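Q: the amino acid sequence is not available; the structure is as follows:
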(Lines give C-alpha, C1' and ligand atoms only; values in the text may rest on other atoms or scores of the structure.)
Protein backbone atom coordinates (compact mmCIF):
# COMPACT_ATOMS: atom_id res chain seq x y z
CA UNK A 1 0.00 0.00 0.00
CA UNK A 2 1.30 3.46 -0.91
CA UNK A 3 2.06 5.89 1.91
CA UNK A 4 -0.49 8.66 2.55
CA UNK A 5 -0.20 11.77 0.42
CA UNK A 6 1.87 14.55 1.97
CA UNK A 7 3.61 12.14 4.34
CA UNK A 8 7.42 12.20 4.51
CA UNK A 9 7.49 8.68 3.06
CA UNK A 10 5.34 9.75 0.11
CA UNK A 11 7.63 12.69 -0.66
CA UNK A 12 10.72 10.47 -0.47
CA UNK A 13 9.16 7.99 -2.90
CA UNK A 14 8.08 10.87 -5.18
CA UNK A 15 11.67 12.13 -5.13
CA UNK A 16 13.08 8.70 -5.93
CA UNK A 17 10.79 8.39 -8.97
CA UNK A 18 11.59 11.97 -10.01
CA UNK A 19 15.34 11.34 -9.88
CA UNK A 20 15.02 7.99 -11.63
CA UNK A 21 13.07 9.54 -14.51
CA UNK A 22 15.50 12.47 -14.80
CA UNK A 23 18.43 10.07 -14.88
CA UNK A 24 16.64 7.81 -17.38
CA UNK A 25 16.44 10.80 -19.73
CA UNK A 26 20.08 11.73 -19.06
CA UNK A 27 19.21 15.16 -17.66
CA UNK A 28 21.27 16.97 -15.05
CA UNK A 29 19.65 18.94 -12.27
CA UNK A 30 20.90 22.10 -13.98
CA UNK A 31 19.40 21.20 -17.38
CA UNK A 32 16.02 20.21 -15.92
CA UNK A 33 16.00 23.26 -13.70
CA UNK A 34 16.60 25.56 -16.65
CA UNK A 35 13.79 23.88 -18.60
CA UNK A 36 11.23 24.48 -15.88
CA UNK A 37 12.58 27.60 -14.16
CA UNK A 38 13.56 25.97 -10.86
CA UNK A 39 17.01 26.01 -9.30
CA UNK A 40 19.04 22.78 -9.22
CA UNK A 41 19.15 23.11 -5.43
CA UNK A 42 15.34 23.16 -5.25
CA UNK A 43 15.09 20.16 -7.59
CA UNK A 44 17.53 18.29 -5.37
CA UNK A 45 15.31 19.05 -2.37
CA UNK A 46 12.34 17.56 -4.24
CA UNK A 47 14.41 14.49 -5.11
CA UNK A 48 15.48 13.84 -1.53
CA UNK A 49 11.97 14.46 -0.21
CA UNK A 50 12.96 17.55 1.75
CA UNK A 51 10.55 19.90 -0.04
CA UNK A 52 7.16 19.31 -1.63
CA UNK A 53 6.60 20.86 -5.05
CA UNK A 54 3.48 22.91 -5.65
CA UNK A 55 0.98 21.06 -7.83
CA UNK A 56 1.74 23.36 -10.79
CA UNK A 57 5.46 22.64 -10.39
CA UNK A 58 4.77 18.90 -10.25
CA UNK A 59 2.77 19.21 -13.49
CA UNK A 60 5.59 21.18 -15.12
CA UNK A 61 8.11 18.58 -13.97
CA UNK A 62 5.99 15.75 -15.37
CA UNK A 63 5.70 17.47 -18.78
CA UNK A 64 9.44 18.18 -18.89
CA UNK A 65 10.14 14.53 -18.05
CA UNK A 66 7.58 13.21 -20.56
CA UNK A 67 5.56 11.48 -17.87
CA UNK A 68 2.54 12.20 -15.70
CA UNK A 69 2.12 13.49 -12.18
CA UNK A 70 0.29 10.25 -11.41
CA UNK A 71 3.33 8.21 -12.43
CA UNK A 72 5.64 10.44 -10.38
CA UNK A 73 3.26 9.83 -7.46
CA UNK A 74 3.50 6.08 -7.96
CA UNK A 75 0.18 5.43 -9.62
CA UNK A 76 0.39 2.52 -12.02
CA UNK A 77 -1.14 3.41 -15.37
CA UNK A 78 -4.11 1.27 -16.30
CA UNK A 79 -3.71 -0.71 -19.46
CA UNK A 80 -6.22 -0.17 -22.17
CA UNK A 81 -8.10 -3.26 -23.28
CA UNK A 82 -6.78 -5.15 -26.27
CA UNK A 83 -8.18 -4.26 -29.65
CA UNK A 84 -9.80 -7.00 -31.70
CA UNK A 85 -6.76 -7.06 -33.99
CA UNK A 86 -4.43 -7.54 -31.00
CA UNK A 87 -6.64 -10.35 -29.72
CA UNK A 88 -6.49 -12.06 -33.14
CA UNK A 89 -2.69 -11.82 -33.20
CA UNK A 90 -2.43 -13.40 -29.75
CA UNK A 91 -4.84 -16.18 -30.71
CA UNK A 92 -2.90 -16.89 -33.89
CA UNK A 93 0.46 -16.97 -32.11
CA UNK A 94 -0.88 -19.48 -29.59
CA UNK A 95 -1.55 -21.95 -32.40
CA UNK A 96 1.87 -22.00 -34.08
CA UNK A 97 4.97 -24.02 -33.31
CA UNK A 98 7.66 -22.65 -30.94
CA UNK A 99 10.17 -22.11 -33.75
CA UNK A 100 7.58 -20.18 -35.76
CA UNK A 101 6.72 -18.13 -32.66
CA UNK A 102 10.35 -17.08 -32.38
CA UNK A 103 10.30 -15.90 -36.00
CA UNK A 104 7.02 -14.01 -35.49
CA UNK A 105 8.31 -12.35 -32.30
CA UNK A 106 11.51 -11.33 -34.08
CA UNK A 107 9.48 -9.86 -36.93
CA UNK A 108 7.26 -7.95 -34.49
CA UNK A 109 10.34 -6.55 -32.73
CA UNK A 110 11.74 -5.43 -36.07
CA UNK A 111 8.46 -3.75 -37.01
CA UNK A 112 8.21 -2.01 -33.63
CA UNK A 113 11.79 -0.74 -33.91
CA UNK A 114 11.12 0.53 -37.44
CA UNK A 115 8.06 2.45 -36.20
CA UNK A 116 10.05 3.91 -33.27
CA UNK A 117 12.84 4.97 -35.62
CA UNK A 118 10.40 6.64 -38.00
CA UNK A 119 8.76 8.65 -35.20
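A: On my side now, so go ahead. No experiment lies behind these values; they were computed from the predicted model shown.
Q: can you tell me what sits against the top helix by length along the chain?
A: When secondary structure is assigned using DSSP state H, the longest helix within the chain turns out to be helix 98-118. With contact meaning Cβ atoms under 8 Å, 6 or more residues apart in numbering, helix 98-118 is reached by 93, 96. The C-beta positions use only the backbone N, C-alpha and C, and glycine is treated the same way.
Q: what about 10 Å?
A: 89, 92, 93, 94, 95, 96, 97 (Cβ atoms under 10 Å, 6 or more residues apart in numbering).
Q: and these as JSON lines, adding neighbour count?
A: Supplementary listing: the contacts of helix 98-118 in JSON lines, determined by neighbours: other Cβ atoms under 10 Å:
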{"residue": "89", "neighbour count": "14"}
{"residue": "92", "neighbour count": "10"}
{"residue": "93", "neighbour count": "13"}
{"residue": "94", "neighbour count": "8"}
{"residue": "95", "neighbour count": "8"}
{"residue": "96", "neighbour count": "12"}
{"residue": "97", "neighbour count": "8"}
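Q: now, which of those lie within helices?
A: Under the assignment DSSP H, the contacts of helix 98-118 contribute 89, 92, 93, 94 to helices.
Q: excluding its backbone neighbours, what's nearest the spatially most central residue of the chain?
A: Closest to where the C-alpha atoms of the chain average out (Cα atoms, centre = their mean) is residue 67, at 5.4 Å. With sequence-adjacent residues excluded and distances taken as Cβ to Cβ, 6 or more residues apart in numbering, residue 67 is closest to residue 21, at 5.7 Å.
Q: please report how far that neighbour lies from residue 65.
A: 5 Å (Cβ to Cβ, to the nearest Å).
Q: with residue 56 instead?
A: 15 Å.
Q: more neighbours: which of those two?
A: Set residue 56 next to residue 65 and count neighbours by other Cβ atoms under 10 Å: residue 65 wins out with 21 against 8.
Q: how about residue 49, what does it touch?
A: Counted by Cβ under 10 Å, 6+ apart, residue 49 has contacts 7, 8, 9, 10, 11, 12, 13, 14, 15, 16, 18.
Q: let's see it at 6 Å
A: Contacts for residue 49 (Cβ atoms under 6 Å, 6 or more residues apart in numbering) come out as 11, 12, 15.
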